[in-house]
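1. following is a predicted model, sequence given first.
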Amino acid sequence: MQQLFPGEVFAKTADFDTGIRQLLPRYDEMLAVITHCLPVTTHRILELGCGTGELSLKILQRFPDAQVIALDYSPRMLQFAETKITAAGYQHRWTGMEADFGEWADNSSKLGIGSEFDACVSSLAIHHLDDQMKLKLFQQIATSLTQGGYFWNADPVLPESPTLAEVYKAAREEWASQQGVPLTEVRAKLGTSSTQGYSSQDQLATLETHLHMLTASGFKTVTVPWKYYGLAVFGGSR
Ligand SMILES: C[S@@+](CC[C@H](N)C(=O)[O-])C[C@H]1O[C@@H](n2cnc3c(N)ncnc32)[C@H](O)[C@@H]1O
């Protein structure tokens with residue numbers, strides 16, 4: 001079986017959009033929170049780990065003048081995103097780039113995407129970096145935003161205790177069973193991944209650790225607009 005890159009999740013890319021909604025509680029609501037927390041004046045947006053383009057689509061729909069630069073290291077996911085964005089008629093406002101956001105954190109000039117972004121967004125991707133790289137990435141994002149620009153990230157967080165780990169696991173299992181598809185059927189579609197570039201399998205940090213890292217990176221109004229068991233949307237402004 002083909003090894004996936006961390007974060008691709010499903011053996012077949014075409015299974016991602018349906019499968020992620022069966023596996024993760026409130027996926028669409030979580031992405032919508034990110035779009036609703038961006039100021040109406042947001043124009044130039046950087047997305048990290050765009051996957052099949054679901055967050056890009058929501059942003060392009062909500063902000064008719066926005067331009068999105070979307071990074072993902074997986075050519076399979078990017079191709080899927082591009083097809084979808086083109087079908088929606090947004091191709092002139094969206095640029096997909098095959099790149100590792102860890103590499104961008106290490107050397108931002110290499111990609112030539114510049115800085116002065118009004119916002120940076122990400123969902124379900126940054127938790128593949130170790131904590132040292134997460135901090136480096138948050139610092140890079142902070143220096144790449146305009147004054148007052150926002151960064152919002154949706155990611156799973158490390159449960160705060162073993163008891164809560166059980167609670168969060170049960171919540172995900174209950175959600176999956178409510179979707180009417182046996183979890184075993186969804187899990188049968190998962191692929192296996194090995195380390196790729198800066199990313200490995202899940203490297204979760206607690207929400208508190210993330211918030212400390214954001215503050216240490218120079219973000220203000222660091223906050224958590226949404227949390228559902230072990231999933232959270234968090235970030236701040238420059
Ligand atoms: C679980 S998917 C989420 C995709 C999308 N953001 C969403 O919410 O549907 C994670 C994505 O992050 C990408 N990814 C993970 N680590 C990355 C890295 N270091 N650089 C670029 N992309 C990465 C994967 O290829 C994958 O497309």
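-> Arrived safely.
2. in this structure, what residue is nearest the ligand?
-> G51 (2.3 Å; CB to the nearest ligand atom). Bear in mind the C-beta positions are built from the backbone N, C-alpha and C, glycine included.
3. by contact count, what packs against the longest helix anywhere in the chain?
-> The longest helix of the chain (DSSP state H) is helix 162-178. For helix 162-178, the packing partners by 3 or more CB pairs under 8 Å, 6 or more residues apart in numbering; DSSP states H and E come out as helix 16-23, helix 183-187.
4. may I have it as PDB, with CA atoms only?
-> Output of helix 162-178 as PDB, limited to C-alpha atoms (Å, rounded to 0.1, in the frame of the first residue of the first chain):
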ATOM      1  CA  PRO A 162      -6.300  10.900  31.100                       C
ATOM      2  CA  THR A 163     -10.000  11.200  32.200                       C
ATOM      3  CA  LEU A 164     -10.600  13.900  29.600                       C
ATOM      4  CA  ALA A 165      -8.800  11.800  27.000                       C
ATOM      5  CA  GLU A 166     -11.400   9.100  27.500                       C
ATOM      6  CA  VAL A 167     -14.200  11.800  27.300                       C
ATOM      7  CA  TYR A 168     -12.900  13.300  24.100                       C
ATOM      8  CA  LYS A 169     -12.500   9.800  22.500                       C
ATOM      9  CA  ALA A 170     -16.100   8.900  23.500                       C
ATOM     10  CA  ALA A 171     -17.400  12.100  22.000                       C
ATOM     11  CA  ARG A 172     -15.700  11.400  18.700                       C
ATOM     12  CA  GLU A 173     -17.000   7.800  18.700                       C
ATOM     13  CA  GLU A 174     -20.500   9.000  19.400                       C
ATOM     14  CA  TRP A 175     -20.300  11.500  16.600                       C
ATOM     15  CA  ALA A 176     -19.100   8.900  14.200                       C
ATOM     16  CA  SER A 177     -21.900   6.500  15.100                       C
ATOM     17  CA  GLN A 178     -24.500   9.200  14.700                       C
END
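5. which residues outside it are in contact with it?
-> 22-26, 159, 183, 186, 228-230 (CB atoms under 8 Å, 6 or more residues apart in numbering).
6. run through those and flag the ones next to the ligand.
-> With the criterion set as CB under 6 Å from any ligand atom, no member of these is near the ligand.
7. among those, find the lowest-pLDDT one for me.
-> Minimum pLDDT for the contacts of helix 162-178 is recorded at L183 (81).
8. got a list of what that one touches?
-> By CB under 8 Å, 6+ apart, L183 lies in contact with 173, 176-177.
9. F16 and Y27: what is the separation?
-> Distance, F16 to Y27, by CB to CB, to the nearest Å: 11 Å.
10. for the protein, what lies in contact range of the ligand?
-> For the chain, the contact set with the ligand under CB under 6 Å from any ligand atom comprises 5-9, 20, 49-52, 54-55, 71-74, 77, 100-102, 123-125, 128, 197-199.
11. just the buried residues out of the residues you listed, in ChimeraX syntax.
-> Buried members of the residues of the chain next to the ligand, defined by 16 or more other CB atoms under 10 Å, are picked up in ChimeraX with:
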select :5,6,7,8,9,20,49,50,51,52,54,55,71,72,73,74,77,100,101,102,123,124,125,128,198,199
